[in-house]
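In: Everything below, folded, please.
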Amino acid sequence: MAGEPQTDCLFCKIVTGDIPATIVRESATTVAFRDINPQAPSHVLVIPKAHYPDAASLAAGDPQAAADLLREAGLVAADEKLTGTGYRIVLNTGAGAGQTVFHAHAHVLGGRGMQWPPG
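Out: Below is the predicted model of the structure:
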């Protein structure tokens, strides 16, 4: 069920502390942690504590949690000192878009040039 923890979800296990992660921020509704396969000098994932399979279902099921996710992504960028040079927030939705963990999450990337389209 959407919003409920899933026993087979990697990110749900990070939220509960069953799997360790390098947490950089935490709010009442989100957790932010360093990506284990960084694609930029600064690469942090921001996830809702509630389980939704992707960004679209998060926005439809809990618009406030979606807003919290984006707010926290901006705060992560500020904490990482990325606001002066620029950063990217990426929300992959679906396997065809590169989503590999089906728990909504935002990638906060910065510390290097970001080309468009992404490569």
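In: Please make it C-alpha for all contacts and neighbour counts, starting now.
Out: Noted.
In: Provide a complete list of residue ranges assigned to strands in the chain.
Out: 23-26, 30-34, 42-48, 87-90, 106-110 (DSSP state E).
In: who's in contact with the residue nearest to Gln6 when sequence neighbours are not counted?
Out: Leaving out its chain neighbours, the residue that sits closest to Gln6 by CA to CA, 6 or more residues apart in numbering is Cys12, at 6.3 Å. Cys12 makes contacts with 5-6, 49-51, 103, as judged by CA atoms under 8 Å, 6 or more residues apart in numbering.
In: 7 Å - rerun?
Out: Neighbouring residues of Cys12 by CA atoms under 7 Å, 6 or more residues apart in numbering: 5-6, 51.
In: quick one: Asp35 from Pro63, how far?
Out: According to CA to CA, to the nearest Å, Asp35 and Pro63 sit 25 Å apart.
In: quick one, which of these two is more surrounded?
Out: Taking other CA atoms under 10 Å, Asp35 and Pro63 do not tie; Asp35 has more neighbours (19 against 13).
In: and the longest helix along the chain, C-alpha only, in PDB?
Out: In the chain, with assignment by DSSP state H, the single longest helix is helix 63-79. What follows is helix 63-79, C-alpha atoms only, in PDB (Å, rounded to 0.1, in the frame of the first residue of the first chain):
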ATOM      1  CA  PRO A  63       1.500  16.500  -2.100                       C
ATOM      2  CA  GLN A  64       2.800  17.900   1.100                       C
ATOM      3  CA  ALA A  65       5.500  15.200   1.300                       C
ATOM      4  CA  ALA A  66       6.400  15.900  -2.300                       C
ATOM      5  CA  ALA A  67       6.800  19.600  -1.400                       C
ATOM      6  CA  ASP A  68       8.900  18.600   1.700                       C
ATOM      7  CA  LEU A  69      11.200  16.500  -0.600                       C
ATOM      8  CA  LEU A  70      11.900  19.500  -2.900                       C
ATOM      9  CA  ARG A  71      12.400  21.900   0.000                       C
ATOM     10  CA  GLU A  72      14.900  19.500   1.600                       C
ATOM     11  CA  ALA A  73      16.700  19.000  -1.700                       C
ATOM     12  CA  GLY A  74      17.200  22.800  -1.800                       C
ATOM     13  CA  LEU A  75      18.500  22.700   1.800                       C
ATOM     14  CA  VAL A  76      20.900  19.900   0.900                       C
ATOM     15  CA  ALA A  77      22.200  22.000  -1.900                       C
ATOM     16  CA  ALA A  78      22.800  24.900   0.500                       C
ATOM     17  CA  ASP A  79      24.500  22.600   3.000                       C
END
